[in-house]
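A.B. asks: Sharing a sequence plus its predicted fold:
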Amino acid sequence: MHREQHHDGSEAGSTARDPAGRRYEQMLANSGTAAVCAGADNLIVSWNTGAEELFGHRAEDAIGKSLSIIIPARLQASHDAGLARAVQTGHARLSGHSVDVLARHADGTEIPVDLSLSMWFEDGKPMFGALLRDIADRHTAKKRLEHLAHCDTLTSLPNRNALQERLVADIGRVPCSLLLLDLDGFKHVNDTLGHSVGDALLAAVAERLTHAAGGEAFVARLGGDEFAVLMSDCADPLRVDELSKRIFDALHPAFELGGQSIYVGTSIGIAMSPKDALEVELLLSCADLALYGAKAEGGGVRTFFVRAMQNSSQHRHRLASELRQAFARNEFELWYQPQLCLADRSLTGVEALLRWRHPHHGLLTPRTFMEVLEESVIAGEVGEWIVDQACAAAAGWSRAGLGTLRVGINLFAAQLRSGQLFASVSAALEKHGLSPNQLELEITETTVLRHSAQSTEALRKLKALGVGIAFDDFGTGFASLSLLQKYPITRLKIDRSFVASIDRKVGDAAIVKAVIGMASSLGLTVIAEGVETAEEELALIALGCSEAQGYRYGRAMPAAAILDAFIQKPAADRICRS
């Protein structure tokens, strides 16, 4: 297949191959189709006449060189990652497939080629072979190249490159207003209905956005479920606000896809030049911060950039750095809030709550740092630490005579994404000799909407092991009821917002009663959160609620304080919890 020769003048492989293999190699060597082979070190070992013609490098110049001589610089990182993954796993994702890619000619120009990749092993080492064909003549190739570089193939909208070029041309010349959008709940559509429906939804959204913008704005898809709308020669916030309203109105009706009615919302972040920024990247950054602000408000709104957002972003960056240092310095602590049986006021369990013993600001509650921690790179590690510490505390209480006390732990989304949840939890249980039914993992709607099939399976396996799965803040989200059937839930936690007025508002009492009845029919237990008064407690008992937690029964406290407070009051038996 290649033209490399041994020192004795014979062609490489000619003495080792059978006649059929020799003819096959000779055929490829002189084929008009480019044939290239490389090893795991990314170095070219074979280069035929077709490759010479396609890429403009002679065989003697190409063999021994890195494959980077035919890969555009901006695609090099992706290629390197794919090669490393294939070498590590022993499988090339593109092997056996034909795909269109961009390649680099010796003169520096980029050419679209059809690539067919193969992978095999020689002496236990991976080898890669590629057959490459020029897709069309140079004139057509140039047009295709421009299309690939500036057009999103899924939606046919201009892509990020096209938007940036448009901004470069317009910013500084005329006022510009940039709207960044992403779809609220799009990942849930992908996860539940599949990526084909998700792709169809993106194409339909693109069509509605284009219609809403009319001829007034430039619409682009940036990737994933992110879109941008650029209004050039516009510095009027009222015009921008009107366009935002048209976008919201356009996306409000259901999308009929895959035999289903799909509803999606959007959040919009807006930045304006020259008011907010005079450079392209800075304007994009400002719009992105505004979008983050819109999503922080719960989505479904448009938010204009203000300078305070930049300060907030810098604050979050500093806080994330401090949190990494805090974890390394063992500044985190677990405190525990009691959970009681309403029938006899006996202790049934506790909820583990994170605290930060800050060296300058004292003991900090999650309200001051949890949002940043959840998005931090250490979230998964902190989550595993919490599981370990809580299991250790529960085992210690049991040895001290407090009984088989249940401990509840709030999971981070990072733990569900990691693929290690079952292994880490079961390892902690075994390490501390804790019975699985003494552990309860709490998940929220926000967390599970980011779920993967892998994380759902992990929860099912943990439930089968005996670990409890509680749905926290139940009743506060739009998808709560539908999620009950999908996830292996064992307990519902009624949110404080319903408990606070349960003795005064008939509507809240009716909601709690309905939740308790529904839970009973589904075989789930219920606990009420945030109970503070005797009146709230009596109302809950009258409605059939069996357990509660809140300031009425005790605030969060260190593990030792739990032992001191309840050692004379052993944990309730299973009758109250069932």
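C.D. replies: Now that the structure is in, tell me what you want to look at.

A.B. asks: rest of the way, CA atoms for contacts and neighbours
C.D. replies: OK.

A.B. asks: Return the helix or strand in this protein with minimum mean pLDDT.
C.D. replies: In the chain, no helix or strand scores lower on mean pLDDT, DSSP states H and E than helix 574-577, which sits at a mean of 47.

A.B. asks: so where's the protein shaky on pLDDT?
C.D. replies: 1-27, 30, 136-148, 296, 298, 309-316, 445-454, 475-483, 568-578 (pLDDT under 70).

A.B. asks: Can you tell me the element Ala38 falls in?
C.D. replies: Using DSSP states H and E, the element containing Ala38 is strand 34-39.

A.B. asks: same for the helix or strand just after that strand, what does it pack against?
C.D. replies: The helix or strand immediately downstream of strand 34-39 is strand 44-47, counting by DSSP H and E. For strand 44-47, the packing partners by 3 or more CA pairs under 8 Å, 6 or more residues apart in numbering; DSSP states H and E come out as strand 34-39, helix 59-62.

A.B. asks: Columns distance to Glu52 on top of these, output as a markdown table?
C.D. replies: Supplementary listing: those in a markdown table, determined by distance: least, CA to CA, whole Å:
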| stretch | distance to Glu52 |
| --- | --- |
| strand 34-39 | 8 |
| helix 59-62 | 7 |
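
A.B. asks: could you dump those to JSON lines with mean neighbour count and distance to Tyr292?
C.D. replies: Listed next are those as JSON lines, based on neighbours: other CA atoms under 10 Å; distance: least, CA to CA, whole Å:
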{"stretch": "strand 34-39", "mean neighbour count": "23", "distance to Tyr292": "44"}
{"stretch": "helix 59-62", "mean neighbour count": "16", "distance to Tyr292": "48"}
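
A.B. asks: Quick one: closest of the ones you listed to Ser232.
C.D. replies: strand 34-39 (45.5 Å; CA to CA).

A.B. asks: Packing partners of the closest one?
C.D. replies: strand 44-47, helix 49-55, strand 125-134.

A.B. asks: could you give the angle of the longest one to strand 34-39?
C.D. replies: The one in question is strand 125-134. Angle between the axes of strand 125-134 and strand 34-39 is 160 degrees (criterion: axes from the mean of the first three to the mean of the last three CA atoms, to 10 degrees).

A.B. asks: Could you list the paired strands of strand 125-134 along with their orientation?
C.D. replies: Using DSSP bridges, the strands paired with strand 125-134 are strand 34-39 (antiparallel), strand 110-122 (antiparallel).

A.B. asks: Now do the first one: everything it contacts.
C.D. replies: What it means is strand 34-39. 1, 28-29, 44-54, 67, 126-133 (CA atoms under 8 Å, 6 or more residues apart in numbering).

A.B. asks: Please, which helix or strand holds Gly507?
C.D. replies: Here Gly507, judged by DSSP H and E, is contained in helix 506-521.

A.B. asks: So which bits of that helix are buried?
C.D. replies: For helix 506-521, the neighbour count (16 or more other CA atoms under 10 Å) marks 508-509, 511-513, 515-517, 519 as buried.

A.B. asks: Name the next helix or strand downstream of that helix, please.
C.D. replies: Heading C-terminal from helix 506-521 (DSSP H and E), you reach strand 525-528.

A.B. asks: ok now do Gly64, which residues does it touch?
C.D. replies: 43-45.

A.B. asks: just checking, it is part of a strand?
C.D. replies: No. Assigned with DSSP: H, G, I helix; E, B strand; the rest coil, Gly64 falls outside any strand and is coil.

A.B. asks: Show me the strands in the stretch 101-250 of the chain, by range?
C.D. replies: For the stretch 101-250 of the chain, the strands defined by DSSP state E, counting those that start in this stretch cover 110-122, 125-134, 176-184, 218-223, 226-232.

A.B. asks: Send me the fourth one as PDB with only the CA atoms.
C.D. replies: Right, the one you point to is strand 218-223. Taking Å, rounded to 0.1, in the frame of the first residue of the first chain, the C-alpha atoms of strand 218-223 are listed here in PDB:
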ATOM      1  CA  PHE A 218     -29.500  38.000  11.400                       C
ATOM      2  CA  VAL A 219     -30.300  34.600  13.000                       C
ATOM      3  CA  ALA A 220     -27.600  32.000  13.700                       C
ATOM      4  CA  ARG A 221     -27.300  28.700  15.600                       C
ATOM      5  CA  LEU A 222     -24.200  28.600  17.800                       C
ATOM      6  CA  GLY A 223     -24.400  24.900  18.600                       C
END
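
A.B. asks: Also compute the angle for that strand relative to strand 226-232, please.
C.D. replies: Going by the same axes, to 10 degrees, strand 218-223 makes 150 degrees with strand 226-232.

A.B. asks: Tell me the helices and strands packed up against strand 218-223.
C.D. replies: Strand 218-223 packs on helix 160-170, helix 195-213, strand 226-232, going by 3+ CA pairs under 8 Å, 6+ apart.

A.B. asks: Mind doing that once more with 6 Å?
C.D. replies: If contacts are counted by 3 or more CA pairs under 6 Å, 6 or more residues apart in numbering; DSSP states H and E, strand 218-223 sits against strand 226-232.

A.B. asks: residues in contact with Pro72?
C.D. replies: Arg104 (CA atoms under 6 Å, 6 or more residues apart in numbering).

A.B. asks: mind checking how far it is from Asp241?
C.D. replies: 41 Å (CA to CA, to the nearest Å).

A.B. asks: before we move on, what about Met127?
C.D. replies: In this view, Met127 and Asp241 are 57 Å apart by CA to CA.

A.B. asks: These two: which has the busier surroundings?
C.D. replies: Met127 (19 against 15; other CA atoms under 10 Å).

A.B. asks: Surely the more buried one touches Trp120?
C.D. replies: Yes. With contact defined as CA atoms under 6 Å, Met127 and Trp120 form a contacting pair (5.3 Å).

A.B. asks: can you give me the helices for the stretch 451-578 of the chain?
C.D. replies: For the stretch 451-578 of the chain, the helices defined by DSSP state H, counting those that start in this stretch cover 453-465, 480-486, 496-499, 506-521, 534-543, 559-566, 574-577.

A.B. asks: and those helices as a markdown table, adding distance to Ser285?
C.D. replies: Converted to a markdown table, the helices of the stretch 451-578 of the chain look like this (distance: least, CA to CA, whole Å):
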| stretch | distance to Ser285 |
| --- | --- |
| helix 453-465 | 33 |
| helix 480-486 | 34 |
| helix 496-499 | 36 |
| helix 506-521 | 43 |
| helix 534-543 | 48 |
| helix 559-566 | 45 |
| helix 574-577 | 51 |
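
A.B. asks: hey, which of those helices is tucked in deepest?
C.D. replies: helix 496-499 (a mean of 20; mean count of other CA atoms under 10 Å).

A.B. asks: How about residues contacting it?
C.D. replies: 508, 529-530.

A.B. asks: Return the member of the residues you listed nearest to Leu115.
C.D. replies: For the contacts of helix 496-499, the nearest to Leu115 is Glu529 (58.9 Å; CA to CA).

A.B. asks: Give me the distance between that closest one and Glu442.
C.D. replies: Counting by CA to CA, the gap from Glu529 to Glu442 is 13 Å.

A.B. asks: just Ser497 next, same as before
C.D. replies: 18 Å.

A.B. asks: again, but for Leu75
C.D. replies: 42 Å.

A.B. asks: Tell me which of those two has more neighbours.
C.D. replies: Legend: neighbour count by other CA under 10 Å for Leu75 and Glu442, higher for Glu442 (22 against 13).

A.B. asks: is it fair to say that one lies in a helix?
C.D. replies: No. Glu442 is assigned strand when assessed by three-state DSSP, not a helix.
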